[in-house]
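In: What would the 3D arrangement of this be:
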Amino acid sequence: MTRLPKIDIVSATKRHSASLFLFHGSGSAGNNFKEWIDILNREELKFPHIKIIYPTAPLLPYTPNNGMPSHVWFDRKGISIDASEDNESINSICTTVTEFIDKEISNGISSDRIVVGGFSMGGALSLYLSYKYKLSLAGCCVMSSFLNKNSLIYENLQKNPNIRTPPLLQFHGIEDTLIPIQWGRESYNNLIKLGVIAQFIPLDNVDHELGDNQIQFFKKWLLNILPEK
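Out: Now for the predicted structure:
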């Protein structure tokens, strides 16, 4: 099983009744993603009732980096919507992260009080978790992310047409030069055709990055799904 080298945690400031997992993009780390979000939020992102968990991806050989090790959630055959998925690599990390989600559940936080989200590859990981490995989650938020054509997610949802799925919030920069917005929109369209309730928000004048307005919208969406008890 894949091991995670580090996990940064922001505890709920009052009574912990919900949890949020946030996954960084390729080559980054949990603490760097946290710092980026905090800067855009103009203060540390924290909630009275929501525990925030920022894991760091394992150091793995990464094919788009000429096979050199990088902190990535899984390997990619290439950064392209037309590339095939590395199912073994995806299954390994999803099994690992699911164990951490299950720890939250064993500590009294039900799965319908847990949200996952992430940027770029971290968003893709969130999609795999939400629509194949842990469909009982409360919600999924992805930022500048996409699914490969013929994704194992599409296959899973096609085989289970009446299965309950978490709601999806998807952001994508119109000017994204690494992950074209067309890839994100195609993934979104495929998911809603398969029954996912989703919202797609294009971001003006935004490249492959986060924006402060995006963080504020995300917070409102999150608190609507995970209200304080």
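In: okay, CA-based contacts and neighbour counts for the rest of this
Out: Noted.
In: low-confidence ranges in this protein?
Out: Scanning the chain for pLDDT under 70 picks out the ranges 1.
In: for it, which helix is longest?
Out: Determined from DSSP state H, the single longest helix within the chain is helix 87-106.
In: and that one, how far from the chain's centre?
Out: Relative to its chain's centre, helix 87-106 lies at 13 Å (C-alpha atoms, centre = their mean, to the nearest Å).
In: Could you name the helices and strands sitting against it?
Out: Where contact means 3 or more C-alpha pairs under 8 Å, 6 or more residues apart in numbering; DSSP states H and E, helix 87-106 is packed against helix 121-128.
In: Can you check what angle separates the helix it packs on from helix 87-106?
Out: Taking axes from the mean of the first three to the mean of the last three C-alpha atoms, to 10 degrees, one finds helix 121-128 and helix 87-106 inclined to each other by 70 degrees.
In: Please export the C-alpha coordinates of helix 121-128 as PDB.
Out: Extracted C-alpha coordinates of helix 121-128, given in PDB (Å, rounded to 0.1, in the frame of the first residue of the first chain):
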ATOM      1  CA  MET A 121      -4.000  16.100 -10.000                       C
ATOM      2  CA  GLY A 122      -5.400  16.500  -6.500                       C
ATOM      3  CA  GLY A 123      -8.700  17.300  -8.000                       C
ATOM      4  CA  ALA A 124      -8.500  14.200 -10.200                       C
ATOM      5  CA  LEU A 125      -7.800  12.100  -7.000                       C
ATOM      6  CA  SER A 126     -10.900  13.700  -5.500                       C
ATOM      7  CA  LEU A 127     -13.000  12.600  -8.500                       C
ATOM      8  CA  TYR A 128     -11.700   9.000  -8.300                       C
END
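In: one step back: can you give the strand pairings for the helix or strand that the longest helix of the chain is followed by, parallel or anti for each?
Out: Counting by DSSP states H and E, the element after helix 87-106 in chain order, helix or strand, is strand 114-119. For strand 114-119, the paired strands and their directions (DSSP bridges) are strand 18-23 (parallel), strand 139-143 (parallel).
In: what does strand 114-119 contact?
Out: Residues outside strand 114-119 that contact it (C-alpha atoms under 8 Å, 6 or more residues apart in numbering) are 18-25, 123-126, 130, 137-145, 222, 226.
In: make it 7 Å
Out: 18-25, 123, 126, 137-145 (C-alpha atoms under 7 Å, 6 or more residues apart in numbering).
In: what's the answer for stretch 156-176, then?
Out: 130-132, 135-144, 181, 184, 194, 196-208.
In: List the buried residues of that stretch.
Out: 157, 165-176 (16 or more other C-alpha atoms under 10 Å).
In: now, which of these lie within strands?
Out: 168-173 (DSSP state E).
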